[in-house]
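> Pasting the sequence and the predicted model now:
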Amino acid sequence: MAPVLTEAETITCSHQGTVVAKIHSRALVVAGAAVLTKADLQEARIDGCKPPPSVPPCASVLTIDDGVSGKLFRGGDDPVLLVNAKGTTNSGTWQAVGPGQTKLEAQ
Ligand SMILES: [Zn+2]
């Protein structure tokens with residue numbers, strides 16, 4: 001079990017850019033914050049990436065490799081993400097960095 005990921009979390013790329021979730025539905029809410037799903041972060045935009053010289057900036061999420069619930073879904077088929085969610089961008093990696101809610105957990 002791990003806490004689910006919500007819009008209250010900060011999600012950044014490996015160069016401190018911010019991943020901007022596209023929230024498709026607020027059907028699942030914890031403490032007033034929408035729970036994020038795989039669809040919400042698929043191809044999500046990344047703002048403010050400041051990579052080292054010679055590395056192109058991150059523009060969007062490429063893959064979601066970890067932290068996808070196998071048990072909790074929104075709308076029947078869209079898996080909820082957990083706080084250990086991470087993956088790759090077009091030019092690096094991304095991950096959730098907190099602060100982390102603890103009211104709702106899933107596996
Ligand atoms: Zn980046």
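Right, received. Where do you want to start? Predicted, not measured: the structure shown is a model, and the values here were computed from it.
> Which residues of the chain lie near the ion?
With the criterion set to CB under 5 Å from the ion, the chain comes near the ion through 13, 15, 17, 49, 58, 92. In this view, the C-beta of every residue, glycine as well, is placed from N, C-alpha and C.
> These in strands, which ones?
In strands, judged by DSSP state E, the following of the residues of the chain next to the ion are found: residue 13.
> from the residues of the chain next to the ion, which single one is nearest residue 81?
Nearest to residue 81, judged by CB to CB, of these is residue 13 at 16.0 Å.
> pLDDT value on the closest residue to that closest one other than its chain neighbours, please?
Leaving out its chain neighbours, the residue that sits closest to residue 13 by CB to CB, 6 or more residues apart in numbering is residue 58, at 4.3 Å. Predicted confidence (pLDDT) for residue 58: 98.
> I'd say residue 58 and residue 51 touch.
Yes. Using CB atoms under 8 Å, residue 58 is in contact with residue 51, at 7.2 Å.
> what do the two both touch?
15, 91, 92 (CB atoms under 8 Å, 6 or more residues apart in numbering).
> Go through these and name the one nearest the ion.
Distances from the ion to the shared contacts of residue 58 and residue 51, taken as CB to the ion, are shortest for residue 15 (3.5 Å).
> Relative to the ion, how far out is the nearest residue to residue 29 once chain neighbours are set aside?
In this structure, residue 29 finds its nearest non-sequential neighbour in residue 35, 6.7 Å apart by CB to CB, 6+ apart. Between residue 35 and the ion the distance is 25 Å, computed by CB to the ion, to the nearest Å.
> Tell me the pLDDT of the residue nearest the centre of the chain.
By CA atoms, centre = their mean, the mean C-alpha position of the chain lies nearest to residue 41, the distance being 5.4 Å. Residue 41 carries a pLDDT score of 98 in this model.
> quick check: longest strand of this structure.
Assigned via DSSP E, the chain shows its longest strand as strand 61-74.
> re earlier: for residue 58 and residue 51, indicate the residue with more neighbours.
residue 58 (28 against 16; other CB atoms under 10 Å).
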